[in-house]
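Student: following is a predicted model, sequence given first.
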Number of protein chains: 2
Amino acid sequence: MDKVIENNARSFDTLIDRIIELKNPTVVGLDPKLDYVPEFIKDKCVEKYGANLKAAAAAIRKFNEKIIDEICDIVPAVKPQSAYYEMYGYYGVKTLYKTIEYAKSKGMYVILDGKRNDIGATMDAYSAAYLGETDVFGQGEVAFGADALTVNGYLGSDCINSTLNVINAGCGGIFVLVKTSNKSSGELQDRHLCDGKTIYETMGDMCEKWGSDTIGKYGYSAVGAVVGATYPQMLSKLRQRMPHTFFLVPGYGAQGGGAEGVAGGFDKNGLGAIVNSSRAVMCAYKKENCPEKDFALAARREAIRMRDDITAHIAM
Amino acid sequence: MDKVIENNARSFDTLIDRIIELKNPTVVGLDPKLDYVPEFIKDKCVEKYGANLKAAAAAIRKFNEKIIDEICDIVPAVKPQSAYYEMYGYYGVKTLYKTIEYAKSKGMYVILDGKRNDIGATMDAYSAAYLGETDVFGQGEVAFGADALTVNGYLGSDCINSTLNVINAGCGGIFVLVKTSNKSSGELQDRHLCDGKTIYETMGDMCEKWGSDTIGKYGYSAVGAVVGATYPQMLSKLRQRMPHTFFLVPGYGAQGGGAEGVAGGFDKNGLGAIVNSSRAVMCAYKKENCPEKDFALAARREAIRMRDDITAHIAM
């Protein structure tokens, strides 16, 4: 893997290089509710800071770091979900920053799941925050320093173009919500437009267009798409329809998506998608009923099981 | 205005009470790029902390507080835009928290413009972060403590229902993106579904449905909508179509929307909408070319001008 350039988000090519190197097209979601953190970690933090947001954020940071330590040599990427840090206030957001920094220092690619969206100068601010640098008194400073960001495209090109300005400068990638994994995703996304296409197909076609000038060495652009594992037929059809769009596939495991189903998100070379699992990995120690102290090892075991489950179904 | 209950987001009824009391249906957007902050504030912060993210965040906090001091007796609400804080890292996010806290202590209603969106437990986390409380070691802690949150509805009811759980407990409101003010908003939002409705009309109808169990004393539900001032005809039609949905109207001023146009967003009693202006207020001192030291007074003058401009066109 390329040396981590701390101040620059890295492209999907870098991610795909690492997927090939590790023979593992999966990403571990870091969505750490305080309930998921073993008691012995929480106890230490409460002892140090009191039973407050600061202690919660400290406990989550420690939890994340131990999991990263155990999976960084077998899993190419992590996906922190921003909400689970924001809910612990600015202390939680500092833990988000520190988690991103730590994962990168261990060679992992970091997809920030923030589903950000806005227009013009405001989207520029999000792009600076997560993919680029912020101009502070005339010099560039890294605010969060992720490699890729999830984005909601309801506002159209004004939202996406701002991120493309950063991406075209060689920094990072985005994943646009196309067909999400939740039960009610069809309420809007599956509706048919008068041209016969569904809204999610329309959004998918827009992703292909938005990414067309950023296609990398594996044939995939810097504009990826989120397509849920819980709708395997749509996933397969979108793979055909969106040949240059790299997929982030949530919904495997806890949400009910199986390995056979996610296989349709991959191309004939076994590339083109990365499948996420969050809770099943973070809480593997609870499911295994192993000692709390071994939570990170249990996470590793589940990460290996997931890798083997998925790669058994694709032509990697 | 009701006494501020620090730990609970306040309803749209509270906001409308204050709009009536001040005869002012406007909100000042706090989107503080560092460029907007007067040099004398920045210089002090750089002297204290160095030319870094911490100094930037400190300067923005001071800038916001001075503007809030000057407008809190005439303007009912502020709308911090999350991106402009996130771009300054966790220091910026701390300034966001402190700005919300300060505005509430001065009796202002706080709409956090974060356009958040996700599903299930993740949206619960955003709801806790911005509208409710986070469970931390068995007790409720306020992470950010805003009164209302902007939300993107592309994911459907799974996204909105989570916020409704908090709202139905008497806390706060949401504004769902319906027809946004930007140029490319029509790329998706104006497309016609096969039933003849546009996507933005469909989203508007969903807002009416989502809010139907939360209608307050003025006839408006806790599920509001974002409708841009830059499309005045659509704004007027949506006012008719969505009689129980309170509107947040961006795009007045700098983006080109005029007072005559926004008038269509109000009902026959002069209620039903709140119009936002950000840059024109924050940067009024630059436009006036008055001494930097008077930036907050210039903001007050522009806030009064905006109030008078808009109320001249509605039946308040």
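Tutor: Everything's here; your move.
Student: residue contacts, residue A:221?
Tutor: A:12, A:208, A:210, A:211, A:212, A:213, A:214, A:215, A:244, A:245, A:246 (C-beta atoms under 8 Å, 6 or more residues apart in numbering or on different chains). (C-beta placed from N, C-alpha, C; glycine too.)
Student: do you know how far the second one is from residue A:240?
Tutor: Meaning residue A:208. Distance of residue A:208 to residue A:240, computed by C-beta to C-beta, to the nearest Å: 12 Å.
Student: and the fourth one, by the same measure?
Tutor: For residue A:211, the distance to residue A:240 under the criterion C-beta to C-beta works out to 16 Å.
Student: what about those two, which has more around it?
Tutor: residue A:211 (27 against 9; other C-beta atoms under 10 Å in any protein chain shown).
Student: what does the pLDDT read for the more buried one?
Tutor: Here the pLDDT value assigned to residue A:211 is 97.
Student: what sits closest to it if chain neighbours are left out?
Tutor: Of all residues beyond its chain neighbours, the one nearest residue A:211 is residue A:221 (2.8 Å), with distances taken as C-beta to C-beta, 6 or more residues apart in numbering or on different chains.
Student: need the phi and psi values for the one you found.
Tutor: Backbone geometry at residue A:221, expressed as degrees, to the nearest 10, gives phi -80, psi 180.
Student: show me where chain A dips below the pLDDT cut-off.
Tutor: A:1-7 (pLDDT under 70).
Student: quick one, strands of it?
Tutor: Using DSSP state E, the strands of chain A run over residues A:26-30, A:77-80, A:109-116, A:134-136, A:139-141, A:148-151, A:173-179, A:223-227, A:247-249, A:273-277.
Student: redo those strands as a markdown table? Include mean neighbour count.
Tutor: Listed next are the strands of chain A as a markdown table, based on neighbours: other C-beta atoms under 10 Å in any protein chain shown:
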| stretch | mean neighbour count |
| --- | --- |
| strand A:26-30 | 26 |
| strand A:77-80 | 26 |
| strand A:109-116 | 28 |
| strand A:134-136 | 20 |
| strand A:139-141 | 13 |
| strand A:148-151 | 27 |
| strand A:173-179 | 28 |
| strand A:223-227 | 29 |
| strand A:247-249 | 28 |
| strand A:273-277 | 28 |
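Student: and of the ones you listed, who's closest to residue B:154?
Tutor: Closest to residue B:154 of the strands of chain A, according to C-beta to C-beta: strand A:173-179, at 6.0 Å.
Student: how about the CA coordinates for the closest one, as CSV?
Tutor: Listed next in CSV are the C-alpha coordinates belonging to strand A:173-179 (Å, rounded to 0.1, in the frame of the first residue of the first chain):
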residue,chain,number,x,y,z
GLY,A,173,-13.9,9.7,-3.5
ILE,A,174,-17.5,9.9,-2.7
PHE,A,175,-20.3,7.4,-2.5
VAL,A,176,-23.7,8.8,-3.5
LEU,A,177,-26.9,7.2,-2.0
VAL,A,178,-28.6,5.4,-4.9
LYS,A,179,-30.6,2.5,-3.4
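Student: other SSEs contacting it?
Tutor: strand A:148-151, helix A:157-167, helix A:199-210, strand A:223-227, helix A:232-241 (3 or more C-beta pairs under 8 Å, 6 or more residues apart in numbering or on different chains; DSSP states H and E).
Student: tell me the most buried of those?
Tutor: strand A:223-227 (a mean of 29; mean count of other C-beta atoms under 10 Å in any protein chain shown).
Student: for residue A:121, give me its contacts.
Tutor: B:31, B:33.
Student: please redo it, this time with the cut-off set to 10 Å
Tutor: Residue A:121 makes contact with A:162, B:31, B:33, B:81, B:83, B:84, B:254, B:278, B:279, according to C-beta atoms under 10 Å, 6 or more residues apart in numbering or on different chains.
Student: ok, the first one to residue A:41 distance?
Tutor: Going from residue A:162 to residue A:41 by C-beta to C-beta gives 39 Å.
Student: can you count the residues close to the residue lying closest to residue A:251 once chain neighbours are set aside?
Tutor: Distances taken as C-beta to C-beta, 6+ apart place residue A:181 nearest to residue A:251, at 3.2 Å, with adjacent residues excluded. Using other C-beta under 10 Å, residue A:181 is surrounded by 24 other residues.
Student: list the contacts for the closest residue to residue A:260 other than its chain neighbours?
Tutor: If the residues on either side of it in the chain are set aside, residue A:260 comes closest to residue A:313, at 5.6 Å by C-beta to C-beta, 6+ apart. Each residue near residue A:313 by C-beta under 10 Å, 6+ apart is listed here: A:258, A:259, A:260, A:261, A:262, A:263, A:264, A:266, A:270.
Student: so residue A:313 versus residue A:262, what's the distance?
Tutor: 8 Å.
Student: can you check residue A:51 too?
Tutor: 40 Å.
Student: the two: which is more packed in?
Tutor: Higher neighbour count among residue A:51 and residue A:262: residue A:262, with 29 against 16, using other C-beta under 10 Å.
Student: does that one touch residue A:275 like I think?
Tutor: Yes. Counting by C-beta atoms under 10 Å, residue A:275 is a contact partner of residue A:262 at 5.1 Å.
Student: mutual contacts of the two, please.
Tutor: A:25, A:26, A:229, A:247, A:249, A:251, A:252, A:309, A:310, A:314.
Student: and stretch A:104-121, end to end?
Tutor: Stretch A:104-121 has an end-to-end distance of 28 Å (C-alpha to C-alpha, to the nearest Å).
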